[in-house]
Every structure is written in C-alpha cells, then in structure tokens.
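Student: Quick one: sequence plus predicted model below, questions after.
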Amino acid sequence: MTTAATVASATAEYSPQHRAFAAVRILFGFIWLANTALQLSPAYRTHFLGTFNADWVSGQPAWVMAYGHWMASLVGGIGAHFVAWITIILDAFLAVSLITGLGLPFLAYVGVVYNLWLWSTVGGFGGPYTQGATDPGTAIIYALVFGYVIASRSWSCWNLSGAKAQPVAPAAMHTARILFGLLWAFDAFWKWQPFFLHNAVTYLQQALPGEPAWIAAYITFFITVINAVGPFVFGVVAAVMESIIAFFLLIGGKSLRWIIPVGIAYSFGVWTTAEGWGAPYLPGSTANKGDVLGTTNIYIIAFLFLAAWVYFRPHKAKSQTD
C-alpha cells in the first residue's frame, strides 16, 4: 500500500468525534504554549520561590502551612531558579505533546500530577477557604482537563505519533464529567456565602487595575449594569447559575446537550470580567501567581471536551451518554 493510501485509510478511520476531541486537545496545547511563553519572563524565575507563600498565608490550616514550608525549603535547597526552569521546560513539552499528540497519554498523566503539585504549592490548595473565597484555584482545573485528554483518547487523531483511532471509554468520560460537576458544586457553595452575595461586584472591580483601556471599559460596562440591577441580585443569579450547572453536570443524560452551551457562555463571562480576560499579563502577577491565561477559560476547554463527546458521538453509542 502506498503512503498516500495509508494516510487516506488512517484518515477514514477518524470519526467526527475523534476529530472534535483532537481539535480541543490542540486548542488546549496552544493555551499551554501561550502559558510557556509568558513564563519565559525573568521575573517568573525571580519570584518563583516567593509564590510558595500561598500555603502559609493567614487562614490556611496548620498542615497546609507545614507542607508549604517543607516544599519551599526543598525547592530552595535544589535551587528556585533551576526548578523554575524545569517547570518552563515541562510546560513546553506538555504544549508540544498536546499539539502533536506525541508522548500521549503518558505526558497527559504527567500533566495531571504536575498541576496537582502546582495546586498544592503555588496555588495553596486553592485556599485559604475563608471569607471571600470563590473557587478552589487555578491548577486544579488544568489537572482535570488533562484527565479529559486521557478519558477521551484525544491523541488518536491528528497526531504525529501514528496512533490509531480508539473508541472512547464511556466510564472514563462519565467520571471526568462527575468530577467537573463536583468542581462546579464547590464553586457554587462559595457563591451562596453571604460575603459573596453582598460583595459580588467587587470581584469585577478588583480586576480593573493594570488592564488595557478596552478591557477596563468592557468590565466597567458590566459593573454599571450590575449596579443598576442590584449587586445582591447579581450575586444570587451567579450562585443560582453555578448551582444549575453543577446539578446538570452531575446527573448527566440528555440535559448535557443544553447545559454545555450555558456553561461555556457563563465561563466566558466570568473570564472576561472577574478575570479580566486573564490580563494584565505582567511578570509573576496573573492567575496562579505565575503567568497563565486564566482559570475559567480552562473551564471552557473542559466543556468543549464534553461537547465533543455529546454532540459528535457515533449513533450506535448514543445510549452511552444519555
């Protein structure tokens, strides 16, 4: 068989669902590539060890503080600049792997572990979970999306590794969906707290400093609308929306077909307002006390993996997601 015939035969194996999963995987890879580029700033390496203080800020449990001090001592002993370079190089490998499919699924498992480590150190386990908390942090959703890369077997299409198309394991996708639902339920719990309900608009106001003029104007428009409607009403709406998203992600079934676009739209709204489009992209200042494009934009990637599963599933497998 000629090379052209082999390629044509391999391409014919790919279903629309395979292609959809691969497209989302590649998009996630370009986000990782952007994160890597942002972290090349010398300030990222200079401030790297200082970001570990997230584990011992006021309000963190004693065991988290002890863990944070131990981990900071370990990184300091190895050399903070050296470890920072390792994270940058690893980020680059993960980006290339996601874009090309090379090294998957092994590097996706590495991505899960690596992001859980970031979440537990520079992310402070998402805490402290005291007044004003709204979510469990940044790196935890990155870890979950690497789980989607694994569950969807998204490396089996549009890759340089020669991997052949593989059927998606429904149990793995259901597990990833439930974990995503639990993450939304955790978010929703904090939105129902009195502090958030009465101060929700302040999260948008806090996003304004350092933003470019057009982003500041965009956020200010929504602040004006929220103040006109009533900040408390806005807080309740946000809490209700996140509760609805969590509930329908957890129960699954046919409700996924409409909750996915709702979740994408809501996540986009949060990312472009309270997170200010992930900006300002200043050295060592964004998101997880490093330089990344944001948090809720990665929630969108998780929804896109679900969309590929739900909207592009083979007809014979329809019952597996209903």
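Tutor: Ah, there it is.

Student: Mind picking out the helix or strand in the protein with the poorest mean pLDDT?
Tutor: Sorting the helices and strands of the chain by mean pLDDT, DSSP states H and E puts helix 3-13 at the bottom, at a mean of 45.

Student: could you say what helices and strands the helix or strand where residue 37 lies packs with?
Tutor: In this assignment (DSSP states H and E), residue 37 forms part of helix 16-38. For helix 16-38, the packing partners by 3 or more CB pairs under 8 Å, 6 or more residues apart in numbering; DSSP states H and E come out as helix 80-100, helix 139-152, helix 296-311. To be clear about C-beta, it is placed using only N, CA and C from the backbone, and glycine gets the same treatment.

Student: neighbours around the closest residue to residue 49 other than its chain neighbours, how many?
Tutor: Distance criterion CB to CB, 6 or more residues apart in numbering; nearest residue to residue 49, sequence neighbours excluded, is residue 80 at 3.8 Å. Close neighbours of residue 80, defined as other CB atoms under 10 Å, add up to 19.

Student: And residue 228, by the same measure?
Tutor: By the measure other CB under 10 Å, the count of residues near residue 228 is 8.

Student: Spell out the secondary structure type for it.
Tutor: Classification of residue 228 by DSSP: H, G, I helix; E, B strand; the rest coil places it in helix.

Student: separation between it and residue 265?
Tutor: Using CB to CB, to the nearest Å, residue 228 is found at 21 Å from residue 265.

Student: picking up where we left off before, of all the helices and strands packed on helix 16-38, which lies closest to residue 109?
Tutor: Residue 109 lies closest, by CB to CB, to one member of those: helix 139-152, at 6.8 Å.

Student: what is the rounded mean pLDDT of that closest one?
Tutor: Mean pLDDT, helix 139-152: 96.

Student: What helices and strands are in contact with it?
Tutor: Here helix 139-152 touches helix 16-38, helix 106-120, helix 170-191, helix 296-311, going by 3+ CB pairs under 8 Å, 6+ apart.

Student: okay if I get these as CSV plus distance to residue 69?
Tutor: As requested, the helices and strands packed on helix 139-152 are exported to CSV (distance: least, CB to CB, whole Å):
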stretch, distance to residue 69
helix 16-38, 27
helix 106-120, 13
helix 170-191, 26
helix 296-311, 29
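
Student: Just say which of these is most tucked in.
Tutor: Stretch with highest mean neighbour count among the helices and strands packed on helix 139-152: helix 296-311 (a mean of 23; mean count of other CB atoms under 10 Å).

Student: Flag the shaky bits of the chain, pLDDT-wise.
Tutor: Where the chain drops to pLDDT under 70, the residues are 1-12, 282-291, 315-322.

Student: so the residue nearest to residue 49 touches residue 47, yeah?
Tutor: No - at 9.2 Å, residue 80 does not count as touching residue 47 under the criterion of CB atoms under 8 Å.

Student: re the thing from before, quick one, which of the helices and strands packed on helix 139-152 gets closest to residue 130.
Tutor: Using CB to CB, the helices and strands packed on helix 139-152 put helix 170-191 closest to residue 130, at 10.4 Å.

Student: Next, the angle from the closest one to helix 139-152.
Tutor: For helix 170-191 against helix 139-152, the angle by axes from the mean of the first three to the mean of the last three CA atoms, to 10 degrees is 160 degrees.

Student: Now do helix 170-191: which elements does it pack against?
Tutor: Under the contact definition 3+ CB pairs under 8 Å, 6+ apart, helix 170-191 sits against helix 139-152, helix 194-205, helix 231-251, helix 296-311.

Student: which residues touch that helix?
Tutor: 129, 133-136, 140-141, 144, 147-148, 150-152, 196-197, 200, 235, 238-239, 242-243, 245-250, 252, 256, 263, 302, 305-306, 309, 317, 320-321 (CB atoms under 8 Å, 6 or more residues apart in numbering).

Student: Off-centre distance for that helix?
Tutor: 13 Å (CA atoms, centre = their mean, to the nearest Å).
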